[in-house]
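Participant: attaching a predicted model along with its sequence, questions to come.
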Amino acid sequence: GAVVSQHPSWVICKSGTSVKIECRSLDFQATTMFWYRQFPKQSLMLMATSNEGSKATYEQGVEKDKFLINHASLTLSTLTVTSAHPEDSSFYICSARTNLVSRGRNEQFFGPGTRLTVL
Amino acid sequence: GENVEQHPSTLSVQEGDSAVIKCTYSDSASNYFPWYKQELGKRPQLIIDIRSNVGEKKDQRIAVTLNKTAKHFSLHITETQPEDSAVYFCAPRSGAGSYQLTFGKGTKLSVIP
């Protein structure tokens, strides 16, 4: 149980285009979803936190107009990288948590990640 | 925000030996202390976690110890095996109610057969 999927697993796009990444909790309702970015050989950096039905909270230094996050339902959050540039190339990982004690409400369940390459 | 330091950044051990990774955090309100293992190109996997009301937890060859007074917790892996080779991250959770994890910079563990 507690499965989180991401789509696509990898994407290559041209500079200036927009890319949408989906994060789904498959067998639980996600109260909160988190988006991380990980550059090669570096740690996971939290980009934003989103709660269903409300606006995402972005970390300092993350441009909210560039990284659009939508958490329209309890099982789906999307991250859209707008006007992507080569420096946006990275591994994007989402995670989800639930308020249900029975599903381990302290734990974040991670998606498999999306490798974005901007040419 | 939470400041997290993880040491060492790289660690090489002979197969069968033990490995210890230490994580120091700054937020005294932190109440949840997980360790993640990440293999190249894959998602982080939770391997063990501990709550703030417990000092030590063990799961087979893996253990975590917590010193809340000193604000650090450590990952202990005994009888290491080549498949333990990966990058390990600590990610203490702030007690501010946000459920956010702050990841350490990671430790690359290499187990030499």
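Facilitator: That came through fine. Numbering: from 1, shown residues only, chains lettered A, B, ... in the order given.

Participant: around chain B, pick out the residues from chain A.
Facilitator: Contact residues, chain A versus chain B (Cβ under 8 Å from any Cβ of the partner chain): A:32, A:34, A:42-46, A:49, A:91, A:93, A:97, A:106-108, A:110-113, A:115. Any C-beta I mention is one placed from the backbone N, CA and C, and that applies to glycine too.

Participant: residues making contact with stretch B:21-31?
Facilitator: B:1-8, B:11, B:33, B:35, B:51-52, B:68, B:71-75, B:88, B:90, B:92-96, B:102, B:104, B:107, B:109 (Cβ atoms under 8 Å, 6 or more residues apart in numbering or on different chains).

Participant: quick check on the residues you listed: which are buried?
Facilitator: With burial judged by 16 or more other Cβ atoms under 10 Å in any protein chain shown, the buried subset of these is B:2, B:4, B:6, B:11, B:33, B:35, B:52, B:68, B:72-75, B:88, B:90, B:92-94, B:102, B:104, B:107, B:109.

Participant: just the ones of the residues you listed in strands?
Facilitator: In this view, these that belong to strands under DSSP state E are B:4, B:6, B:11, B:33, B:35, B:72-75, B:88, B:90, B:107, B:109.

Participant: of all these, which two lie farthest apart?
Facilitator: Within these, B:11 and B:33 form the most distant pair, 19.3 Å apart (Cβ to Cβ).

Participant: so where's chain B uncertain?
Facilitator: B:96-97 (pLDDT under 70).

Participant: chain A contacts on that one?
Facilitator: Counting by Cβ under 8 Å from any Cβ, chain B sits next to chain A at B:32, B:34, B:41-46, B:49, B:51, B:89, B:91, B:93, B:98-106.
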